[in-house]
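Chemist: Curious how this folds, go ahead:
(chains A and B)
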There are 2 protein chains.
Amino acid sequence: MLAEFDLIQRYFTRAADTTHGVALGVGDDATLLTPTPGQQLVVSVDTSVVDVHFPADAPARAIGHRALAVALSDLAAMGASARWTLMALTLNEVGGHADADDALIEAWLHDYAEGFHALCARHGAALVGGDVTRGALTIGVTVMGEVPSNDALTRAGARPGDILAVTGALGGGAGGLALWQRGERDLAHPLLKRYLLPEPRLAAGRALRGLASAALDISDGLLADLAHLLKASQVGAALELDALPLAEGLEQALGEEAARTAALSGGDDYELLVALPPTQWSTACQRLSAQGMTLTAIGRCTNTLGLTGVPAGVRTGWQHFHREAP
Amino acid sequence: MLAEFDLIQRYFTRAADTTHGVALGVGDDATLLTPTPGQQLVVSVDTSVVDVHFPADAPARAIGHRALAVALSDLAAMGASARWTLMALTLNEVGGHADADDALIEAWLHDYAEGFHALCARHGAALVGGDVTRGALTIGVTVMGEVPSNDALTRAGARPGDILAVTGALGGGAGGLALWQRGERDLAHPLLKRYLLPEPRLAAGRALRGLASAALDISDGLLADLAHLLKASQVGAALELDALPLAEGLEQALGEEAARTAALSGGDDYELLVALPPTQWSTACQRLSAQGMTLTAIGRCTNTLGLTGVPAGVRTGWQHFHREAP
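Modeler: Modelled structure (predicted):
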């Protein structure tokens, strides 16, 4: 009953998949896609592992949403439009139930697929390939987007004097995880929503094309990801800690100091960090404001390498594979 | 020391990755690729899970090779050339050692990467995206190839009277697994080689473009995969059991009856199953012969739906997700 082929057909094949430049959809050995002339492909892969990247008992819909969102966030950071995605789902038990029966797994898959497809639809992406296998719950998502040739935003290109800015607010990922671990389960809570249902900033990334000199998405924490940008661009940075936009409810939930640490090092925020020449600042703010998105200046790029404005001893971010982690 | 970023840099980034239409390689949020005008993209994803798809104590080099080979096999079945691949590797322990230390994991990764890259190089593919996470050993491989527009081989298109044929030989995957389970560890044994180091038939798939009316790769067993082709093409088939090309050493290892069953239902062979109009047969044989590849007729497509020539009761193939499996 739960044969692989049937699962893919039932939960992961949608009529919409035959549009979007899909010449031959799910069901053959591979999918045929028609790239858009004049565009480059933008591709990335992200894996979400149970109890490493999300709690086993998170709602299935949120797990489907989140696994895709973190992958799409990488396309957002390149200024790309999302086109296609492929998903490799490995599962054995679901919802933390080692004895999950077929009915439970099917209900889980139904909700998972709803979360995945709803986010696909909102960003005009089509699920064009899937594989369902048995094992510890692991979700590998490959995303493919397009960007006009030579227009992609990269990590390199920031120059001394550029304004460093972030979309939205920071610390929500870490704050939501802390609340989840304390037993909070209401997904309407703004912090839980930020942690379990992050929104990839694709529209913001596209709006910043031609304006930003460098961009990346904040997945490992502001400090860790800023370090990547600085290294790729060969510049330093001076941060203004008081300027950091904190996620709604974060100070109330964690207290002031832990809130600051979450915003600097917590990870899982999936906001964009960008460098902008001062001449582009007002245009960038206007374009994002038109989307209902905020852009907050948090510092400047400097000639001197290294980072100023951050107290020594603040953790420098999250690395999934550290022995002492997760 | 085993930070994710370093791992990807050390083992999965090669200088060659900056060629092959790669405009921006590993190291930014996503990779930028330049598709070839006039070609369609051919994409597929396959997951390999420890103890489901390969033994935990298989050599790391073989695991890297095999995970990529089974994915490339899908491109072969479409007649595509391999261009790009993305790999999501989740691992915690390696080689069946729950207490693997960093040195053991690094040695394992080194060998794994060698197996993966060597097969990439042989087929002109570039690894353009990777993600390394912590969890039960699981490997998700996305492959991207190209094929001239409208030239791809699909499962639909076989007509009554077409010859059904397979590349190479069958049953080697199941025979190799049986030997492995008996304790055989010499990768030079032809059956173990077929099981752990399968060769995706990319050159054969391309050579059959314009000749074959339908094609797929045999991953779940001849009977199960033939059923997919028959359904997609809306034809039946008459098989000639005596014509099945058996893998080298298969009858000696398993006996005559089990060898036949392995060839029909064993799975993991990654040969191509194709339908060919009789007028194309000699050309097809010549082209494959020039590659040193055999093509064996094993039956015909029929007007009457269903399958004849196979004794009742023969298992109809392997499904990874069956409760009673693996």
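
Chemist: For A:G95, give me the pLDDT.
Modeler: A:G95 is assigned a pLDDT of 73 by the prediction.

Chemist: which ones are touching it?
Modeler: A:A56, A:D57, A:A60, A:L104, A:W108 (CB atoms under 8 Å, 6 or more residues apart in numbering or on different chains). The C-beta positions use only the backbone N, C-alpha and C, and glycine is treated the same way.

Chemist: ok, the second one to A:G183 distance?
Modeler: I take that to be A:D57. Distance of A:D57 to A:G183, given as CB to CB, to the nearest Å: 11 Å.

Chemist: between the two, which one's more packed in?
Modeler: A:D57 (13 against 6; other CB atoms under 10 Å in any protein chain shown).

Chemist: I'd guessed the more buried one sits against A:H97; true?
Modeler: No: under the criterion of CB atoms under 8 Å, A:D57 is not in contact with A:H97, lying 9.0 Å apart.

Chemist: which bits of the stretch 101-250 of chain A sit near chain B?
Modeler: A:102, A:128-136, A:138, A:140, A:142-145, A:147, A:149, A:152, A:154-156, A:215-217, A:232 (CB under 8 Å from any CB of the partner chain).

Chemist: what about burial for those residues, which qualify?
Modeler: A:128-136, A:138, A:140, A:142-145, A:147, A:152, A:154-155, A:215-217, A:232 (16 or more other CB atoms under 10 Å in any protein chain shown).

Chemist: Now intersect those residues with the helices, please.
Modeler: Here DSSP state H is the test, and those give A:A232 as lying in helices.

Chemist: From A:V49, how far out is the residue in chain A positioned nearest to chain B?
Modeler: Nearest residue of chain A to chain B (CB to the nearest CB) works out as A:G140 at 3.4 Å. For A:G140, the distance to A:V49 (CB to CB) stands at 10 Å.

Chemist: what domains does the record give for chain A?
Modeler: A:4-148, A:163-308 (automatic domain parsing).

Chemist: In terms of mean pLDDT, which of those domains ranks lowest?
Modeler: domain A:4-148 - the lowest mean pLDDT of the domains of chain A, at a mean of 84.

Chemist: Distance from the chain centre to that one, please.
Modeler: Distance of domain A:4-148 from the chain centroid (CA atoms, centre = their mean, to the nearest Å) equals 14 Å.

Chemist: Let me see the contact set for the residue nearest the centre of chain A.
Modeler: Compute the mean C-alpha point of chain A, and by CA atoms, centre = their mean the closest residue is A:V70, 2.8 Å away. Residues near A:V70 by CB under 8 Å, 6+ apart: A:D46, A:S48, A:H53, A:V141, A:P198, A:P200, A:S219, A:Y270.

Chemist: Check which residues of the host helix or strand of A:A121 are buried.
Modeler: In this assignment (DSSP states H and E), A:A121 forms part of helix A:102-122. For helix A:102-122, the neighbour count (16+ other CB under 10 Å) marks A:I105, A:E106, A:W108, A:L109, A:D111, A:Y112, A:A113, A:G115, A:F116, A:H117, A:L119, A:C120 as buried.

Chemist: Please enumerate the helices of the stretch 1-150 of chain A.
Modeler: A:4-12, A:60-76, A:102-122 (DSSP state H, counting those that start in this stretch).

Chemist: how about those, which one is nearest B:V166?
Modeler: Nearest to B:V166, of all the helices of the stretch 1-150 of chain A, is helix A:4-12, at 20.9 Å by CB to CB.

Chemist: which residues of the stretch 201-326 of chain A fall in helices?
Modeler: Under DSSP H, counting those that start in this stretch, the stretch 201-326 of chain A gives helices at A:202-207, A:222-233, A:250-254, A:256-265, A:281-289.

Chemist: Tell me which of those sits most buried.
Modeler: Sort the helices of the stretch 201-326 of chain A by mean neighbour count, taking mean count of other CB atoms under 10 Å in any protein chain shown, and helix A:202-207 sits at the top with a mean of 24.

Chemist: Tell me which residues are up against it.
Modeler: Taking CB under 8 Å, 6+ apart as the rule, helix A:202-207 contacts A:72, A:75-82, A:123, A:153, A:167, A:215, A:272, A:284, A:287-288, A:290-291, A:293, A:295.

Chemist: hmm, 7 Å instead?
Modeler: A:72, A:75-82, A:123, A:153, A:167, A:215, A:272, A:287-288, A:291, A:293 (CB atoms under 7 Å, 6 or more residues apart in numbering or on different chains).

Chemist: give me every residue that touches A:L307.
Modeler: A:L307 neighbours (CB under 7 Å, 6+ apart): A:G236, A:A237, A:L239.

Chemist: Does the first one touch A:V310 like I think?
Modeler: No: applying CB atoms under 7 Å, one finds A:G236 not in contact with A:V310, separated by 11.9 Å.

Chemist: Would you check that A:Y195 makes contact with A:L177?
Modeler: Yes: if you go by CB under 7 Å, A:Y195 and A:L177 touch, sitting 5.4 Å apart.

Chemist: ok, back up a step: using TSV, please lay out the contacts of A:V70 together with neighbour count.
Modeler: Shown next, in TSV, are the contacts of A:V70 (neighbours: other CB atoms under 10 Å in any protein chain shown):
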residue	neighbour count
A:D46	24
A:S48	25
A:H53	21
A:V141	28
A:P198	26
A:P200	26
A:S219	23
A:Y270	25
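
Chemist: ok, which pair from the residues you listed is furthest apart?
Modeler: A:H53 and A:P200 (15.3 Å).

Chemist: Which ones among the buried ones among the residues of the stretch 101-250 of chain A next to chain B lie within strands?
Modeler: A:128-133, A:138, A:140, A:142-145, A:147, A:215-217 (DSSP state E).
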